[in-house]
Each structure stands twice: as structure tokens, then as C-alpha cells.
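In: what follows is a predicted protein model with its sequence.
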Amino acid sequence: MKYARVLVNTRVEPRKVAEEEPRDGEGDRGHLGRTFHYSIPADLRHQVRPGQLVVVPFGPRRLQGVVFGLDDRSPVAQTKEIYEIADPVPVLSQAQMELAMWISQTYLAPLIDAVLLMLPPGVTRQTRISVRLNPEGVPPDNLDRAQQALVEMLEREGEVDLSTVGRKLKLKNHQAVVDGLVRRGLLIKRSRLAEPRVRAKTER
């Protein structure tokens, strides 16, 4: 499948729906359960599954969302790409997604509210992204200084958190450097959910 229907973790107003995708006969209440089509990058095409938590662009923001389905076609000509899979293990089953849609339609509640009721605490926490060298990639001779420095650091340290790359190499555009090497098949990015911060409860 080339496209994923994603329920984005935000309140979607009718005006925003009209900006993102054309209406498809859902009526005035369509925004309550609206999902958006995102194209699936080639390297994720065999990994994205319904029920997974993914990270997507939404306006100027990067937001998490739940994949509600996969399609071969999109109702719009141009779609944005999924950034990454937040966790490869689905957070919702098919039965849970169907129940959430029933709750939304029956009680006129935003679908995202029904979904959040079914997610364990902390599931929508921050996504941590790490990067490492692709063992099958062969560094070319035409890397620029920033790319070469990143490759050498990963050769020394192995897998590192993406958030630390800019500080370690003193790069302001470290995300662009990493993405460029990922597209060239030299690096591999891995996403995982950060460990939840759970406070111990005590009885008084």
C-alpha cells in the first residue's frame, strides 16, 4: 500500500479539514472522525500497519497519529510523507479502532478523544530517534565535511540519539545532514517511544 489514513492527535476544525483534503460526503460532522492521507516512504512501505503510532507533518508541526487504514490511492493529488514510525508495535487493535469509531459516531465525540481513552498512559509520549550506519552502505568519496564528520562519529560510537548529533558535531542543520545520508542509504534511523516517567504512588 502506498498511503496511510492517519488520525492525527489534535483537535481538527472544519476549516482545517477543508485545507488539508476535500470533503468526501461525510457531512458537517465529518471533522469529528477525520483521518488524513499520508504517503508512505519506500523504506517504510512494508513496515506501516493499522494501529501503529506514527509521526507526521501537520501544518508547521510534527504530531503523532494512529494509522487507521492503508490505501492504494489518495483522494488528493499531493500528500505529505509520514516522518517515521513511533513504535513498530501497534497501540490499537482493529476491534479497538472500530469501537472508537462507534463511540465517535454515536455520541458525536471527536474520534481522537475516543481513541485516547483506549491508549495506556504515556503511549503518546515523546518519540526518541536514533541513527546508525547502514552496514550495507558504502560511503562515497564526495561527502561534504558535515557528512564525513557524522559518518566518522558513528563509526566510533555506533548508534546514537539523533537529538545529540547537533551538539556533538556542533551542527545547526544536523537533521538535514542525517536525512540526506538516510536517503543515500548510508544511515538507518530507528524510532522508539521514550520511557514513561511514572511516579511511585504511596498511601497516606
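Out: That came through, no problem.

In: name the next helix or strand downstream of the helix or strand bottoming out on mean pLDDT in the chain, please.
Out: Using mean pLDDT, DSSP states H and E, helix 14-20 stands out as the lowest-scoring helix or strand of the chain, at a mean of 48. Next in sequence after helix 14-20, counting helices and strands by DSSP states H and E, comes strand 36-39.

In: and that following strand, what does it pack onto?
Out: Strand 36-39 is packed against strand 3-8, strand 53-58, with contacts defined by 3 or more Cβ pairs under 8 Å, 6 or more residues apart in numbering; DSSP states H and E. All C-beta spots, glycine's among them, are computed from the backbone N, C-alpha and C.

In: for those, which has the smallest mean pLDDT value?
Out: Mean pLDDT values for those show the minimum at strand 53-58, a mean of 90.

In: strand partners (parallel or antiparallel) of the very next helix or strand once past that one?
Out: Moving toward the C-terminus from strand 53-58, the next helix or strand (DSSP H and E) is strand 61-71. In the sheet, strand 61-71 lines up against strand 3-8 (antiparallel), strand 53-58 (antiparallel) (DSSP bridges).

In: pull the CA atoms of the last one into PDB?
Out: Pointing back at strand 53-58 there. Extracted in PDB, the C-alpha atoms of strand 53-58 (Å, rounded to 0.1, in the frame of the first residue of the first chain):
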ATOM      1  CA  LEU A  53       1.600   5.200  16.200                       C
ATOM      2  CA  VAL A  54       3.400   7.300  13.600                       C
ATOM      3  CA  VAL A  55       4.900  10.800  13.400                       C
ATOM      4  CA  VAL A  56       3.500  13.100  10.600                       C
ATOM      5  CA  PRO A  57       3.700  16.700   9.500                       C
ATOM      6  CA  PHE A  58       0.500  18.700  10.200                       C
END
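
In: list the buried residues for it?
Out: For strand 53-58, the neighbour count (16 or more other Cβ atoms under 10 Å) marks Leu53, Val54, Val55, Val56, Phe58 as buried.
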